[in-house]
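1. model this:
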Amino acid sequence: MPFRNEHSARLRNPDEFDPKSFRRTKDGLLFGRIKVPDTVSVIWARLKVADEDDPPIAQSLRFPISHWTAAEAKAWLTENKIKYIEFSPAVGARAMKAARWTTRYKNDLPDSAFLYIEPGGKKDKEGKTVPRSKRHFPYKDANGKIDLPHLRNALARIPQSNLPEDVKKRLMEKARRILKRVQGAAEVLVLTESGSETVKASQ
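-> Numbers count the residues shown, from 1 in each chain. Below is the predicted model of the structure:
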């Protein structure tokens, strides 16, 4: 089922689990080998058919929209070869639609407005890299202000780009650091015994 302000990747059907055993953690290891980022929550529970000594297992993963787009969450799941039975994008998400930046607008932006400048270009008389195709992932507007929708869009597009893997990894880390620094009040999501959630906005 969709959740408010976070994407959900269901690994197993919740009906398979003891409804009183659900708990939520952040980061750690999944399947004993996959490092889970501290921005991802794991929902654990005990199977109804589990023996008394059997530990809880992962039922689902949650990706808050304050850190993840749906595309980015799916890309992370694919990169880590995590199989899921259902993926539900967040509902009730804050409006984060990016205003369209035309090619001309982006061409007029300074190099500092881009997350990455590919090597091999030259500077024009305004100090901007040419060819413009060397500049990737604009995230600041003409006034030098970080545009959050475009930053989120960059996070979704970086894994799909043709840049070298080591460059993509560095860019993802850089974009996450920027997002963490500028994002607004986070939402605290509480898992209830029934598996439903309540949301509290922190000030």
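2. could you pull out the strands in this protein for me?
-> 6-10, 23-26, 29-30, 34-35, 41-45, 57-64, 86-88, 114-117, 122-123, 129-130, 135-138, 187-191, 197-201 (DSSP state E).
3. could you redo those as a markdown table and give each row distance to Trp101, mean pLDDT and mean neighbour count?
-> Heads up, the C-betas are built off the backbone N, CA and C, glycines and all. Shown next, in a markdown table, are these (distance: least, CB to CB, whole Å; pLDDT from 0 to 100; neighbours: other CB atoms under 10 Å):
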| stretch | distance to Trp101 | mean pLDDT | mean neighbour count |
| --- | --- | --- | --- |
| strand 6-10 | 25 | 94 | 22 |
| strand 23-26 | 34 | 92 | 13 |
| strand 29-30 | 37 | 88 | 14 |
| strand 34-35 | 35 | 90 | 11 |
| strand 41-45 | 33 | 95 | 21 |
| strand 57-64 | 26 | 94 | 22 |
| strand 86-88 | 29 | 95 | 14 |
| strand 114-117 | 12 | 98 | 19 |
| strand 122-123 | 22 | 96 | 10 |
| strand 129-130 | 17 | 96 | 16 |
| strand 135-138 | 7 | 96 | 19 |
| strand 187-191 | 28 | 34 | 14 |
| strand 197-201 | 30 | 38 | 11 |
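4. any idea which of those gets closest to Glu165?
-> strand 114-117 (13.7 Å; CB to CB).
5. so what secondary structure elements neighbour that closest one?
-> strand 135-138, helix 165-182 (3 or more CB pairs under 8 Å, 6 or more residues apart in numbering; DSSP states H and E).
6. strand partners (parallel or antiparallel) of the shortest one?
-> Each strand that pairs with strand 135-138, with its direction, by DSSP bridges: strand 114-117 (antiparallel).
7. restrict the partner strand to CA atoms and write it as CSV.
-> Only the C-alpha atoms of strand 114-117 are listed here, as CSV (Å, rounded to 0.1, in the frame of the first residue of the first chain):
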residue,chain,number,x,y,z
PHE,A,114,26.2,22.6,-12.3
LEU,A,115,27.0,19.5,-10.2
TYR,A,116,29.7,18.3,-12.6
ILE,A,117,31.9,19.9,-15.3
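8. now do that strand: distance to the chain's middle.
-> Offset of strand 114-117 from its chain centre (CA atoms, centre = their mean, to the nearest Å): 19 Å.
9. and stretch 102-112, how far from the chain's centre?
-> Here stretch 102-112 shows a centroid-to-chain-centroid distance of 26 Å under the convention CA atoms, centre = their mean.
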